[in-house]
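Enquirer: Give me the fold of what follows.
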Amino acid sequence: MRRRLPELLVLSLLAAAGALVFVDDDPADHSEPPAAEHATAPTGPRTGPAPDPDDPRTWQTSDQVPGEIAAPLEPGQRVVLSRTKRFSYEPAPGVTITGWDSRTRRGPVRYFVTRVKWRAPGISVDYAHGKRTRSRQPVTEMISTTPKVVAGINGDFFDIYDTGAPLGVGRERGGILWNAIDEGWNNAISVNTAGRWHVGELPMVAEVVDRPRIVVTNYNSPRVKIGGTGIYDWRFGRAAGYGWTDGQRRQVRCVKIVDGRVVANSTALPSRTGIDGKLLIARGDQAEDRLQALTVGTRVRLRHRLDGDVAMAITGNALLVKKRQLLVSDDGEMHPRTAVGVDRDSKELIFLVVDGRQDFSRGYTMVELGKMMLRLGAEDALNLDGGGSTTLAAMRKGSLKVINSPSDGVQRSVPNGLEVVYKPGG
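Expert: Purely as a prediction, here's the structure:
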């Protein structure tokens, strides 16, 4: 990333002299954010290794773009050279959005902090989604269908190059579970029916009743685990065929259930059609064998739910902070980032959106993201999808606007997110 020599020289002299300062430029009118800056990619970065497209655990972001490698820092060098407040405003009582520019030894960073007082009258936070699990929309379009919405961010990692479905768990208030997985992608932020927020693992509990040998691993997921069985219904959207099995065509099976009875059992997987009733999709020899026993006419009962008392939930890939302890160690790749945290002292949710892959903002490493969440007061924090997905939208002058600068230059279409709603007297 290119920097002007005089700027580097001044910053170096300040650091050497111990004169590092926080600069909080507070303009006369910072009640409204300025227009989002046009995205421009930094030049000539050294990037990290390419992730494995079949292993989401290797992904930094859903787009799987290798990130620029951050310069290593010695102890004591992880300091902010200057920080400037760009704006701060309240789109609703109990919700504050603040934009910041900061200068660090690694380069400039632009970030946005949204604080949501969950006990403020009329305020609620919910799972945002499209009409189907695999539907994708820009964040502004997704949340605009919710009456009285005031802000929203992008959500879970998703199968960007195939089905479009989110990888983990999604449940909205009102009892609707949109997608879930038994284990492997279960780091979530959730709230129970009493209003208590939790950040941690959130597994799905699912079964084919009275058939314990059939192991249900997925519900409306982008793909079925090897050796597992997935449940799919109309909420998923159009059937994904062999996309559900990563192209695997042998040792797979589909059982169709309508009104509690098996109406079809086949090794062919449906594709690009709506789902009538429910489908069981098995992947792997043992899973496929166990579904063979469900012959046409067999009565079948399916159950799937999240473990515990859960009113709303969404997953991300990694816990950044738990009980005020930093849990991540990756201080290499820098990307645009989205994170959510819980500050139980102030009764606030914290949304952190960091621009990246642009000259005016390099993005954050996972360590930097976790440390920032700690500085903002989060006791627990979760990393959501980043890269081109990173988006903060909010009400401004009567309409929904994109507050940050998405790195693709435009909003990316994503399957889910978190939305903040303000209903006075509600």
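Enquirer: so where do the strands sit in the stretch 51-200 of the chain?
Expert: 68-69, 80-92, 95-104, 107-117, 123-129, 149-154, 170-172, 176-181, 187-191, 197-201 (DSSP state E, counting those that start in this stretch).
Enquirer: Counting by contacts, list what the fifth one packs against.
Expert: Other elements packing on strand 123-129 under the criterion 3 or more C-beta pairs under 8 Å, 6 or more residues apart in numbering; DSSP states H and E are strand 107-117, helix 139-144, strand 170-172, strand 312-315, strand 416-422. Glycine gets a C-beta too; all of them are placed from N, C-alpha and C.
Enquirer: Repeat the analysis, applying 6 Å as the threshold.
Expert: Applying 3 or more C-beta pairs under 6 Å, 6 or more residues apart in numbering; DSSP states H and E, one finds that strand 123-129 contacts strand 170-172, strand 312-315, strand 416-422.
Enquirer: just so I know, which of the ones you listed lies nearest Ile226?
Expert: Proximity of those to Ile226 was assessed by C-beta to C-beta; the nearest stretch is strand 312-315, lying at 20.3 Å.
Enquirer: quick one on the thing from earlier: kindly reformat the helices and strands packed on strand 123-129 as a markdown table containing mean pLDDT and distance to Arg303.
Expert: Below are these laid out as a markdown table (pLDDT from 0 to 100; distance: least, C-beta to C-beta, whole Å):
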| stretch | mean pLDDT | distance to Arg303 |
| --- | --- | --- |
| strand 170-172 | 99 | 15 |
| strand 312-315 | 99 | 18 |
| strand 416-422 | 99 | 23 |
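Enquirer: I'd like the ones you listed as TSV, with mean neighbour count and distance to Thr146 appended.
Expert: Below are the helices and strands packed on strand 123-129 laid out as TSV (neighbours: other C-beta atoms under 10 Å; distance: least, C-beta to C-beta, whole Å):
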stretch	mean neighbour count	distance to Thr146
strand 170-172	24	10
strand 312-315	25	13
strand 416-422	26	6
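Enquirer: Among those strands, which comes closest to Tyr161?
Expert: Tyr161 lies closest, by C-beta to C-beta, to one member of these: strand 416-422, at 17.2 Å.
Enquirer: Would you mind pulling up the elements that the closest one packs against?
Expert: Using 3+ C-beta pairs under 6 Å, 6+ apart, strand 416-422 sits against strand 123-129, strand 149-154.
Enquirer: Need the residues that contact that strand.
Expert: 92, 95, 116, 122-126, 128-129, 139, 143, 146, 148-156, 166, 170 (C-beta atoms under 6 Å, 6 or more residues apart in numbering).
Enquirer: Now do His129 against Pro53, distance only.
Expert: 24 Å (C-beta to C-beta, to the nearest Å).
Enquirer: The contacts of strand 416-422, buried ones only, as a PyMOL selection?
Expert: Filtering the contacts of strand 416-422 down to the buried ones (16 or more other C-beta atoms under 10 Å) takes a single PyMOL command:
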select buried, resi 92+95+116+123+124+125+126+128+129+139+143+149+150+151+152+153+154+155+156+166+170
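Enquirer: Quick check: which of the strands of the stretch 51-200 of the chain has the most neighbours on average?
Expert: Per-stretch averages of neighbours, counted by mean count of other C-beta atoms under 10 Å, single out strand 149-154 among the strands of the stretch 51-200 of the chain, with a mean of 28.
Enquirer: would TSV of the strands of the stretch 51-200 of the chain with distance to Leu279 be doable?
Expert: Formatted as TSV, the strands of the stretch 51-200 of the chain follow (distance: least, C-beta to C-beta, whole Å):
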stretch	distance to Leu279
strand 68-69	42
strand 80-92	41
strand 95-104	41
strand 107-117	38
strand 123-129	20
strand 149-154	28
strand 170-172	19
strand 176-181	14
strand 187-191	25
strand 197-201	27
